[in-house]
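Chemist: Whatever this is, show me its structure:
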Amino acid sequence: MTPNSSAPVLPIATEGQDPRYADVDVWPVVSVLEALVESQMSAIAAVRAATPELERAINAALPRLLAGGRLFYVGAGTSGRIGMQDGVELLPTFGWAPERLVLLLAGGNDALHQAAEGAEDREDVARTDILAHNPGPDDVVLGIAASGSTPYTCAAVAAARAAGSLSIGIACNQGSRLTDVAELGITVVTGPEVISGSTRLKAGTAQKAALNLISTTLMVRMGHAYRGQMVDMRVVNAKLRQRACRMVRNLSGSTEQQALGALEATRFNVKRAVMLCAGIPASQIEPLLVAHDGNLRAILGQAPVPGQR
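Modeler: Numbering: from 1, shown residues only. Now for the predicted structure:
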């Protein structure tokens, strides 16, 4: 889609008021809870309705990331914090390299703890922030804004697109500026909140779910998961050491002693430990990982489990 500044601006549904909740302040606690739960469920339904847009974005992003590109998350306020939450989890969960992750929040890190007044309106700062990272053709930029009109996010996404990066805009209102300036738009229509304008509620849930789906599917398709296991997980504490041992045992059929030995030999790298337990000589592990882009299924030569996609 080509950016079109003259496109009609539709009403911002996320700022609207749902008359069903006009007297919510005098409802019994259980009724308030039921209303909130219902709205949260509707947020997930809205994400499911956006599956075709999510699929298109993932298919466009995958070859760029496989080529070594970086993943950017850009947002302001609640949307920006949700983006940061999704992004930082990629490192421990999937072993994503920190130098391949860029997190931009309007107002900087101080905005994590308190509102940064006026930061979301600074388009000039947004352009400076993102261009400081030299976005290029292999990079993927995710811009998140419930309203779809946040100046900081829209400006950063537009600048990244102009620099040749794949730009993806995620908004909760139809016909938004963000989905217009981005190369690919994902609209998760959530409508008015139980508390009017409080988009940390179902709009926030929808954004979190959409980002979960995008990042997790990308990581799975890039070989960071094998048989539903986090084989590139970073083992940094006792709980994760136990989990790593269970994974190696389950994936290789080894004993606990064999799994622990392999993990110790590979500095608790699950993927390499599985390869050792599968009988692959240590000298061949790195060449095989390079040759198969780290895809453990391809390395072990195993077909998909019958009945699974």
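
Chemist: Look up the pLDDT of Val9 for me, please.
Modeler: For Val9, the model assigns a pLDDT of 48.

Chemist: was I right about Ala111 contacting Leu105?
Modeler: Yes - the criterion here is CB atoms under 8 Å, and Ala111 meets it with Leu105 at 5.2 Å. To be clear about C-beta, it is placed using only N, CA and C from the backbone, and glycine gets the same treatment.

Chemist: what is in contact with these two at once?
Modeler: Counting by CB atoms under 8 Å, 6 or more residues apart in numbering, the common neighbours of Ala111 and Leu105 are 76, 80-81.

Chemist: Selection in PyMOL covering whichever of the residues you listed are buried, please.
Modeler: Only the buried entries of those go into this PyMOL selection, using 16 or more other CB atoms under 10 Å:
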select buried, resi 76+80+81
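
Chemist: Just the closest of the shared contacts of Ala111 and Leu105 to Ser165, please.
Modeler: The closest of those to Ser165 turns out to be Gly80 (CB to CB; 18.1 Å).

Chemist: any idea which helix or strand carries that closest one?
Modeler: helix 77-88 (DSSP states H and E).

Chemist: likewise Thr190?
Modeler: Taking DSSP H and E as the definition, Thr190 sits outside all helices and strands.

Chemist: In contact with Asp138: list those residues for me.
Modeler: Applying CB under 8 Å, 6+ apart, one finds that Asp138 lies in contact with 64-65, 67-70.

Chemist: Filter the residues you listed down to the buried ones.
Modeler: 64-65, 69-70.

Chemist: ok, which pair from these is furthest apart?
Modeler: Arg64 and Arg70 (9.1 Å).

Chemist: The helix or strand hosting Asn59 - contacts with which helices or strands?
Modeler: Counting by DSSP H and E, the element that carries Asn59 is helix 51-66. Contact here means 3 or more CB pairs under 8 Å, 6 or more residues apart in numbering; DSSP states H and E; on that basis helix 51-66 packs against strand 140-145, strand 166-171, strand 184-187, helix 202-221.

Chemist: quick one: buried residues of the next helix or strand after the last one?
Modeler: Meaning helix 202-221. Where DSSP H and E defines the elements, the next helix or strand beyond helix 202-221 is helix 238-252. Buried residues in helix 238-252, counted by 16+ other CB under 10 Å: 240, 243-245, 247-249, 251-252.

Chemist: ok, now stretch 33-41?
Modeler: By 16+ other CB under 10 Å, the buried positions in stretch 33-41 come out as 35-36, 39-40.

Chemist: any low-confidence regions in the stretch 1-150 of the chain?
Modeler: The stretch 1-150 of the chain contains residues with pLDDT under 70 at 1-11.

Chemist: could you pull out the strands for it?
Modeler: Taking DSSP state E, counting those that start in this stretch as the test, the strands found in the stretch 1-150 of the chain are 71-75, 101-105, 140-145.

Chemist: deepest of those, which one?
Modeler: Of all the strands of the stretch 1-150 of the chain, strand 140-145 has the most neighbours on average by mean count of other CB atoms under 10 Å, namely a mean of 31.

Chemist: After that strand, which helix or strand is next? Please name it.
Modeler: As assigned by DSSP H and E, the chain's next helix or strand after strand 140-145 is helix 151-162.

Chemist: Give the other helices and strands that that next one contacts.
Modeler: With contacts taken as 3+ CB pairs under 8 Å, 6+ apart, helix 151-162 sits against strand 71-75, helix 123-131, strand 140-145, strand 166-171, helix 177-181.
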